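Q: here is the input, now give the coordinates:
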Amino acid sequence: MREAVTASTVWRRGGSRRLFTFRLRRLAAADSFLIGAGIIIAFIIACALVPSLIAPYSPTAMLTDSIMQAPSSAHLFGTDYFGRDIFSVVVYGSRDSLFIGFASVIVGGLAGGAIGAIAGYAGGWVDSLLMRCNDILMTIPGILLALAIAGALGKGLFNIVLAVAVSSIPGYARIMRAQIISIKGRTFIAASRSVGATPFHIFWKHVLPNALSPLLVMAAIGVGTAILTGSGLSFLGLGVLREIPDWGTLLSQGRGYLTVAWWICTFPGLAITLFVLAVNIIGDRMRDRLDPKKNAKG
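A: Below is the predicted model:
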């Protein structure tokens, strides 16, 4: 009996060691993805902030002797039908694309968060009125709502930001309202109310700070969605009319040359894909870190 117990103990120890090794490897792989995503985001943000230090050519320089040249050591991403260096145009075009993504998330998050917070905390007819209006907006797909707003306002950078921001408001409002309702019914809120705290003090000091975590996670992931939506509007011809096009406009300009010069629209599309993927990885990790249920289990 003693030998059987010893063998079982050894097997359990070996199984625990294998499980620990598996978890360690999975954690290392997750950290590798996180580090890679951080590097991609940092590089693209650097492209938007200091493009002249990264781009080897001017985005408006037309090299007539290098028109539609395939990717090479001289032109990393090749050149387009004007002789412009694609890598340089992608680097400079990141500025407008990132501005659309971050600005629309800030505007949409603030507006949607405010609507959801007021509806959830006030309750009653205020909640019903705001949420019914919010439900009407939620019945329209986000890209169609952004397309309708952009079509009505016309082309322009700030019009695109406004269109993308308005299309994202219903989601932010819903998640903020749910968090406010969940938090305002907890015990510590009742304790604050029992000692004479005013409703505004309770909301500002106790309810709002505890309700921001899901909104921040949604905003982080929403940057990628906003860039995709803004690029889609630019692709459809509702984007920014500038000498230096954004990523969506580059895709639209290069689609006619896809069979003869695939690199014109491939690399802008790859930039969009990598940035959105990196933002989603960061957002997923933020969700894991800020989720109170997972933290309680850990």
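
Q: below-threshold pLDDT in the stretch 1-150 of the chain: ranges please.
A: The stretch 1-150 of the chain contains residues with pLDDT under 70 at 1-30.

Q: which parts of it are helices?
A: Along the stretch 1-150 of the chain, counting by DSSP state H, counting those that start in this stretch, helices occupy 2-49, 86-122, 124-138, 142-153.

Q: so which elements touch the helix or strand following the last one?
A: For helix 142-153, the following helix or strand on the C-terminal side (DSSP states H and E) is helix 157-184. Counting by 3 or more C-beta pairs under 8 Å, 6 or more residues apart in numbering; DSSP states H and E, the packing neighbours recorded for helix 157-184 are helix 86-122, helix 124-138, helix 142-153, helix 208-235. The way it works is simple: take the backbone N, C-alpha and C, and place the C-beta from them, glycine included.

Q: mean neighbour count and distance to Pro268 for the helices of the stretch 1-150 of the chain - can I get that in JSON lines?
A: Listed next are the helices of the stretch 1-150 of the chain as JSON lines, based on neighbours: other C-beta atoms under 10 Å; distance: least, C-beta to C-beta, whole Å:
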{"stretch": "helix 2-49", "mean neighbour count": "12", "distance to Pro268": "12"}
{"stretch": "helix 86-122", "mean neighbour count": "23", "distance to Pro268": "6"}
{"stretch": "helix 124-138", "mean neighbour count": "14", "distance to Pro268": "31"}
{"stretch": "helix 142-153", "mean neighbour count": "18", "distance to Pro268": "19"}
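
Q: closest one to Pro170 among those helices?
A: Taking C-beta to C-beta, helix 124-138 is the member of the helices of the stretch 1-150 of the chain nearest to Pro170, at 4.4 Å.

Q: work out which residue lies at the spatial centre of this structure.
A: With distances taken as C-alpha atoms, centre = their mean, the chain has Val223 as the residue nearest its mean C-alpha position (2.4 Å).

Q: of all the helices and strands packed on helix 157-184, which one is nearest Gly185?
A: Ranking the helices and strands packed on helix 157-184 by proximity to Gly185 (C-beta to C-beta) places helix 86-122 first, at 10.5 Å.

Q: ok, now how distant is the closest residue to Pro245 other than its chain neighbours from Asp127?
A: Leaving aside its sequence neighbours, Pro245 sits nearest to Gly93 (C-beta to C-beta, 6 or more residues apart in numbering; 5.7 Å). Look at Gly93 and Asp127: by C-beta to C-beta, to the nearest Å, they are 43 Å apart.

Q: same check, this time on Ile39
A: 44 Å.

Q: what's the answer for Ser213, then?
A: Taken as C-beta to C-beta, the span from Ser213 to Asp127 is 22 Å.

Q: do the same with Val223
A: 29 Å.
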